[in-house]
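*Asks:* have a look at this fold, sequence not included:
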């Protein structure tokens with residue numbers, strides 16, 4: 001079958017590999033749609049970040065080259081021995097976190113903080129940029145008929161956004177700012193709407209992405225026209241309750257922290273390629289909080305339920321659909337060159 005495999009920085013190849021088989025505790029799915037994630041781009045331009053290269057990953061038992069793709073949907077075509085909770089023909093999405101189940105974080109239910117945590121589609125085992133995938137059944141979530149396969153490919157990134165909002169101190173009626181409105185930033189806006197934020201500000205350089213944010217109901221601020229911190233202070237009367245940093249740009253992190261009111265909170269949602277320096281006084285003197293999140297936990301069912309009600313719409317967020325054989329030039333390279341792109345979905349056929 002065809003599969004996209006990571007070999008090194010800027011060395012991603014569409015190759016023919018053996019079609020996966022099922023074993024006990026696994027299901028085989030025919031992949032329908034897979035989204036290109038910012039993490040995939042980070043691996044493409046600056047990896048390895050999550051990809052094991054020297055030693056096999058302790059849970060997947062795999063190392064580079066690995067098949068990429070962790071935001072995907074599909075239909076079950078075969079099930080392994082001992083599986084009773086899903087069946088052939090079920091429409092599903094994948095929650096791609098590897099967790100050991102034995103470390104202290106796993107015992108506390110914080111499986112996304114597992115000491116050996118990895119992502120299916122980054123840490124090995126297979127991936128969504130392929131025609132078929134064999135997946136541990138515990139990663140599988142069924143989706144209803146009202147949630148399309150395209151919507152299904154957005155469940156994973158939407159889970160990141162919803163987890164970021166859930167982990168924050170945001171309360172119904174609070175004011176929030178989202179710094180960066182790429183795919184995750186736009187999904188954070190949707191999660192904030194679902195969580196009852198009264199005002200949602202979006203700080204974004206790209207005109208096209210500002211338009212997307214505005215379509216989703218955010219109040220947009222162009223940082224080329226305004227000092228975003230001063231403008232947020234002015235519009236909110238002293239700063240937002242919670243800010244969300246979704247750019248991975250060091251300067252923007254400082255802006256996000258400074259944009260919050262006394263006692264406010266900044267959520268770091270990005271994966272940073274470089275160190276970011278901040279002055280502790282910006283936190284200390286206003287008793288602010290800075291919190292990081294990685295991935296998600298226990299939110300896939302809530303995301304799927306919200307999708308069934310119209311949130312996280314693929315029609316509003318997907319800007320391009322391509323075939324697997326074109327994923328490098330029309331997917332990865334396009335996302336690097338065209339900042340108006342939001343979410344590109346790849347059809348595995």
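*Replies:* Sure, I can see it. Note that the structure is predicted; figures quoted are calculated from it, not measured.
*Asks:* every contact and neighbour count from this point should use C-alpha atoms.
*Replies:* Will do.
*Asks:* domain assignment for this protein?
*Replies:* 2-154+312-347, 161-292 (automatic domain parsing).
*Asks:* need the pLDDT of residue 46.
*Replies:* What the model reports as pLDDT for residue 46 is 88.
*Asks:* tell me how many other residues crowd residue 88.
*Replies:* 13 (other CA atoms under 10 Å).
*Asks:* meant to ask about residue 155
*Replies:* Close neighbours of residue 155, defined as other CA under 10 Å, add up to 28.
*Asks:* before we move on, what about residue 61?
*Replies:* 12.
*Asks:* and it, what does it touch?
*Replies:* Under the criterion of CA atoms under 8 Å, 6 or more residues apart in numbering, the neighbours of residue 61 are 124-125.
*Asks:* what kind of secondary structure is it in?
*Replies:* At residue 61 the chain is in coil, as set by DSSP: H, G, I helix; E, B strand; the rest coil.
*Asks:* against residue 121, how distant is it?
*Replies:* For residue 61, the distance to residue 121 equals 13 Å [CA to CA, to the nearest Å].
*Asks:* now swap in residue 52 and tell me
*Replies:* Residue 52 sits 11 Å away from residue 121, going by CA to CA.
*Asks:* more crowded one of these two?
*Replies:* Set side by side, residue 52 and residue 121 show more neighbours around residue 121, with 26 against 22, by other CA under 10 Å.
*Asks:* may I have the secondary structure class of that one?
*Replies:* Using three-state DSSP, the structure places residue 121 in coil.
*Asks:* next up, the contacts around it.
*Replies:* Shown in contact with residue 121 (CA under 8 Å, 6+ apart): 66-70, 96, 127-128.
*Asks:* report the buried members of those residues.
*Replies:* Using 16 or more other CA atoms under 10 Å as the burial test, the contacts of residue 121 include 66-70, 96, 127-128 as buried.
*Asks:* can you list these in a markdown table and add secondary structure?
*Replies:* A markdown table is the format used below for the buried ones among the contacts of residue 121 (three-state DSSP):
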| residue | secondary structure |
| --- | --- |
| 66 | strand |
| 67 | strand |
| 68 | coil |
| 69 | coil |
| 70 | coil |
| 96 | coil |
| 127 | coil |
| 128 | coil |
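*Asks:* in a markdown table, list the residues you listed along with distance to residue 280.
*Replies:* Output for those, formatted as a markdown table (distance: CA to CA, whole Å):
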| residue | distance to residue 280 |
| --- | --- |
| 66 | 40 |
| 67 | 41 |
| 68 | 38 |
| 69 | 37 |
| 70 | 36 |
| 96 | 35 |
| 127 | 40 |
| 128 | 41 |
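*Asks:* show me the two of these that sit farthest apart.
*Replies:* Taking CA to CA, the two most distant members of those are 66 and 96; they sit 14.3 Å apart.
*Asks:* just checking: what are the partner strands of the host helix or strand of residue 262?
*Replies:* Assessed by DSSP states H and E, residue 262 sits inside strand 260-268. Here strand 260-268 has these sheet partners by DSSP bridges: strand 240-245 (parallel), strand 289-292 (parallel).
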